[in-house]
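Enquirer: here are the coordinates; sequence isn't available:
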């Protein structure tokens, strides 16, 4: 099976250029066009056959299922998905499961004869994904997987990212740590939580179960939860929110209660969406390569449409801790260190 | 011409229920269904004819053109547009002019045989809108209009909102006011600027031309512009940004330069998007009824598809100043008032 990226590599051009050649786009020079066609010829395809299978297929429409367009994570994904689809000459039908259930959206998208569907918000037990995968309808899961379903998936190393957060907080001296989880039926929340807990356990630091709260990846819910956490005696010295939107809510709840960040409580998010670096937040978080993840998901889907029989692929991108201004040693640890230093001085003196 | 809202009113049900009846949606009770059909019968239509003309038409796809999905204003619009379209059994093809020019998107949407197009970001001189309107292709402009083009439009009273901002700032005592404008080819930026200037002129307060800067409705650009404004001698005592996203940038630039808001500079936005009320911003701004505006735009489009010959309608929703924590009297005015009070006391004593 020859994919558009194979053609691009062999012809020494971008994938966009390959798509343009296949779509008879006038922006390609005659020379470049010939180079691409030569590659295709060498493999015994005609451009039209490739174009039919690889790019244009039936309607040139692709469904994209998201769960909440008001969560700025999704616009970032949609921006990258939409422009990569456009490079293939495909167009994006956006369906938000906030308005109708996933299965209704999926059924309607299939009725519209979309060439494929990108799932960005399917839950671990999604019957919709399971049944489309079983029927070999072209789908790709972006930023998640579904238990027991074999299909193309692109994710970030969520467990690894959360481990880096745990190591960072332990290194700073935190021991009383709260976790605000996401949707508990999502692979992202499960993997992030598992990675975080694994490191704490290894270090012999327990996670107080009363400090683990569900935030459902929702701003309002995380805001209310943070207020509850900060009213505990003693409050946690650090709060790990399993996405950035909830971390913004936590930072805003701290403002509401006049709790200093990071002096009184450290806050960490996950995703590194654009606003995380704004001066209003300057959030320590885990960066997902969202653009790359989205573009790769589209590439896999385009290839899947062309070659339904290729075995399912699972790609995992690395994640990376980004330290900004919302994490610092806990006050308690500062005191301890001071006492320890004093003791040390006495011992030395 | 019988519209879905006429049917709804006469049958005493919601428009969503009418759409459901026309779409054979099982969620409608037998009784309600009969009531709706009776109304339709009284007017001599058969449900199917209505459904064909009013709701389902050709593909049940509607194109929605936006200009930048990363601007959180658009996800708010899309959420409302998408769910109202879903109530009519229509689906949303989202096209972002950040990835391809408006005319390319529009051509492709028409090729996909969409039933109509919602324009949320067309500029005042849009040839695409002019030519579709001339061909009587069903379109609606949401949150804007295009000069010299007669078609359905739904806007907020942008001039009135900006006037309220000017009155508020004058009342607080501001005289050295900066304006960060939006896209200068958009009706929103033009009307907001004109409304603002009109009130200042009437009050005999001049607008220093060096304090009027274009921000192009863009976060990064507004951030850079604010830094320049704050470095002037003397700096402005108030900055009016023509949308909220730019006001967030201004607030963040103030944080960067450790300029106190509202003590040292007042900041006002426009739109009242969700994050404006977050503790990180608590922005004084002008509320647009975005949900209502979006839903009405979809209603007009659905009616337009059913009745291409109805004369174009222009609806304008009222706007409202929302006072939060980013505006206060300027330091200069505080001093003045203090002197005046002291003088008053002397005069009385």
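Expert: On my side now, so go ahead. Predicted model, so just to flag it, every value in this text is computed and none were measured. Residues are numbered from 1 along each chain as shown, chains lettered A, B, ... in the order given.
Enquirer: the strands in the stretch 201-349 of chain A, which residues?
Expert: A:212-214, A:238-241, A:266-268, A:285-287, A:314-317, A:320-322 (DSSP state E, counting those that start in this stretch).
Enquirer: next, count neighbours for the closest residue to residue A:323 other than its chain neighbours.
Expert: Nearest residue to residue A:323 in three dimensions, chain neighbours excluded: residue A:284, at 5.2 Å (Cβ to Cβ, 6 or more residues apart in numbering or on different chains). All C-beta atoms are positioned from the backbone trio N, CA, C, and that covers glycine. Applying other Cβ atoms under 10 Å in any protein chain shown, we find 25 residues neighbouring residue A:284.
Enquirer: still on that earlier bit, tell me which of the strands of the stretch 201-349 of chain A lies nearest to residue A:63.
Expert: strand A:314-317 (20.8 Å; Cβ to Cβ).
Enquirer: what helices or strands is that closest one leaning on?
Expert: Secondary-structure packing of strand A:314-317 (3 or more Cβ pairs under 8 Å, 6 or more residues apart in numbering or on different chains; DSSP states H and E): strand A:152-156, helix A:290-306.
Enquirer: least trustworthy helix or strand in chain A by mean pLDDT?
Expert: Across the helices and strands of chain A, mean pLDDT, DSSP states H and E gives its lowest value to helix A:47-50, namely a mean of 40.
Enquirer: I'd like the next helix or strand past that helix.
Expert: Toward the C-terminus, helix A:47-50 is succeeded by strand A:61-66 as the next helix or strand (DSSP states H and E).
Enquirer: that following strand vs chain B: in contact?
Expert: Yes - using Cβ under 8 Å from any Cβ of the partner chain, strand A:61-66 reaches chain B at residue A:61.
Enquirer: now find how far off-centre that strand is within its chain.
Expert: Centroid separation between strand A:61-66 and its chain, computed with Cα atoms, centre = their mean, to the nearest Å, is 16 Å.
Enquirer: counting by contacts, list what it packs against.
Expert: In this structure, strand A:61-66 packs against helix A:73-87, strand A:91-96, helix A:102-111, strand A:116-119, with contacts taken as 3+ Cβ pairs under 8 Å, 6+ apart.
Enquirer: break chain A into its domains for me.
Expert: Listed domain ranges for chain A are A:4-32+A:39-55, A:56-156+A:290-317, A:158-288+A:322-334 (source: automatic domain parsing).
Enquirer: of all the ones you listed, which lies closest to residue B:36?
Expert: The nearest among those, by Cβ to Cβ, is domain A:56-156+A:290-317 at 21.3 Å.
Enquirer: how about stretch A:254-265 and chain B, touching?
Expert: Yes - Stretch A:254-265 is in contact with chain B by Cβ under 8 Å from any Cβ, via A:255-256.
Enquirer: quick one: mean pLDDT for stretch A:211-218?
Expert: Confidence over stretch A:211-218 (mean pLDDT, whole number) is 97.
Enquirer: what's that stretch in contact with?
Expert: A:68, A:71, A:176-184, A:186, A:189, A:221-222, A:225, A:228-229, A:232, A:236, A:241-243, A:245-246, A:249 (Cβ atoms under 8 Å, 6 or more residues apart in numbering or on different chains).
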